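Trainee: sharing a model that was predicted from the sequence below.
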Amino acid sequence: MREVELKMNRRLWSILLAACLVLTGCGKSETQEIVTKEEANEKVQIGMSFDSFVIERWQRDRDVFVSTAKELGAEVNVQNANGDAAEQISQIEYFIEKKMDVIVIICIDSNLLKDVVQKAKNQGIKVIAYDRMINGANVDLYISFDNEMVGTMMGEALASAGLDNKRVVMLCGPMTDNNVSYVDTGFQKVMKDNDIEIVDSMNADGWKAELAGNYVYDHYDTIRDVDGIMCGNDSMATQAVRALAEKRLAGKKIVVGQDADLEACQRIVEGTQLMTVYKPVEKLAKAAAEYAIKLANEEDLSTLSTIADGDNRVPYVYLEPIAVTRSNIDEVIINSGYHLKEDVYLNVRK
């Protein structure tokens, strides 16, 4: 009986001692160390919502961003809105529910995301507008290329080509993409400075490239009487040149575009497209991933330049684009590894 009583007393003392450790903080150091290790293992969570992957370059942006973020210890959840603005809003709300640290948005409509972005910011989530501004949303960072310079480069390429009649048409992207207005501004200024008439313009809803081809078919008389065509991107240029080919005008009408898509580079060496604007998306995507981590870690970005989003001044990071023609395509596109030489020159006889 005495032995049982002693065992019970020892057990009681053990319980009391454990309680003492908890109440007095005797075990605090060890507990803190465990928590710190758990916190250190928590990865930054990034949600990324794309407009779509119809445009060739977006796949490159995605791959480089995800790869860079993973190297920096983050996890990325990529969603594709397939050109549906309502679906993109739903995806952002999903990221909010998942308590992402940062949401990166390649917006479909620059004017429709203000409210849902504010909802994310109210939850302490950082928001990056990637390549396209989100108007009035006061995002934590806007990162893109100098899009007005893109339009300037397109205009300078046409002006330098020696336009006989000094007449061009503009086949532009949708005005729901805020970058389109920047590109148009740069292009129109060059046209004005060189006394070149913009005979007509159109905007392709949802960046539907086939609308550029349809324009060539439906406005043949206009196309026949102009010297050149400014295309909002290379996908639109592809459709426009195909329509020109059917009208036996390919190579006779000067075409410019942007994005340095493979088909555009092939046309440049073949002679049916004068130039494209190369935007080093690898650098943009890499920088965006790095800034996403900085935002997640509450790093100060107050030293960055700012740009107006309509209502606010937001931190702004921009990269310079590069005009690509037949004279520098090997140096800029091939030597950089953006496209392989055998692919670019696939249709050119040796």
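Mentor: Good, I have the coordinates. All of these numbers come straight from a predicted model, not from anything done at the bench. Numbers count the residues shown, from 1 in each chain.
Trainee: okay, buried residues for the host helix or strand of Ser49 please.
Mentor: Using DSSP states H and E, Ser49 sits within strand 44-50. Under the neighbour-count criterion of 16 or more other Cβ atoms under 10 Å, strand 44-50 has 44-50 buried. C-betas here are computed from N, CA, C, even on glycine.
Trainee: for that strand, packing partners?
Mentor: helix 57-71, strand 74-80, helix 85-97, strand 102-105, helix 281-296 (3 or more Cβ pairs under 8 Å, 6 or more residues apart in numbering; DSSP states H and E).
Trainee: comparing those, which comes out most buried?
Mentor: By mean neighbour count, with neighbours taken as mean count of other Cβ atoms under 10 Å, strand 102-105 ranks first of the helices and strands packed on strand 44-50 at a mean of 28.
Trainee: give the buried residues for the following helix or strand past it.
Mentor: Remark: after strand 102-105, the chain's next helix or strand is helix 114-122, criterion DSSP H and E. For helix 114-122, the buried set under the neighbour-count rule, 16+ other Cβ under 10 Å, comprises 114, 116-117, 120-121.
Trainee: likewise stretch 327-339?
Mentor: Applying 16+ other Cβ under 10 Å to stretch 327-339 flags 329, 332-334, 338-339 as buried.
Trainee: can I get that stretch in CSV? Just the C-alpha atoms.
Mentor: Taking Å, rounded to 0.1, in the frame of the first residue of the first chain, the C-alpha atoms of stretch 327-339 are listed here in CSV:
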residue,chain,number,x,y,z
SER,A,327,19.1,43.9,-89.6
ASN,A,328,19.2,42.9,-85.9
ILE,A,329,17.0,39.9,-85.6
ASP,A,330,20.0,37.5,-85.3
GLU,A,331,21.5,39.6,-82.5
VAL,A,332,18.4,40.3,-80.5
ILE,A,333,16.2,37.2,-81.1
ILE,A,334,18.5,34.3,-81.9
ASN,A,335,21.6,35.1,-79.9
SER,A,336,19.5,35.7,-76.8
GLY,A,337,17.9,32.3,-77.3
TYR,A,338,14.4,33.7,-77.6
HIS,A,339,13.9,31.7,-80.8
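Trainee: so for it, mean pLDDT?
Mentor: Stretch 327-339 shows a mean pLDDT of 96.
Trainee: all helices of the protein, in order?
Mentor: Applying DSSP state H to the chain gives helices spanning 2-24, 28-40, 57-71, 85-97, 114-122, 147-160, 178-193, 210-218, 220-224, 234-246, 262-270, 281-296, 329, 341-344.
Trainee: what sits up against the shortest one?
Mentor: Applying Cβ atoms under 8 Å, 6 or more residues apart in numbering, the external contacts of helix 329 come out as 265, 268-269, 344.
Trainee: now it: how far from the chain's centre is it?
Mentor: 23 Å (Cα atoms, centre = their mean, to the nearest Å).
Trainee: does Ala250 really touch Val241, like I thought?
Mentor: Yes: using Cβ atoms under 8 Å, Ala250 makes contact with Val241 at a distance of 5.6 Å.
Trainee: ok, the residue nearest to Ala288 when sequence neighbours are not counted to Val104 distance?
Mentor: Leaving aside its chain neighbours, Ala288 sits nearest to Ile143 (5.0 Å; criterion: Cβ to Cβ, 6 or more residues apart in numbering). Using Cβ to Cβ, to the nearest Å, Ile143 is found at 9 Å from Val104.
Trainee: now do the shared contacts for the two.
Mentor: With Cβ under 8 Å, 6+ apart, Ile143 and Val104 have common neighbours 128, 130, 288.
Trainee: with pLDDT and distance to Glu320 added, can I get the residues you listed in TSV?
Mentor: Converted to TSV, the shared contacts of Ile143 and Val104 look like this (pLDDT from 0 to 100; distance: Cβ to Cβ, whole Å):
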residue	pLDDT	distance to Glu320
Ile128	98	20
Tyr130	96	17
Ala288	97	16
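Trainee: thanks again, I'm all set now.
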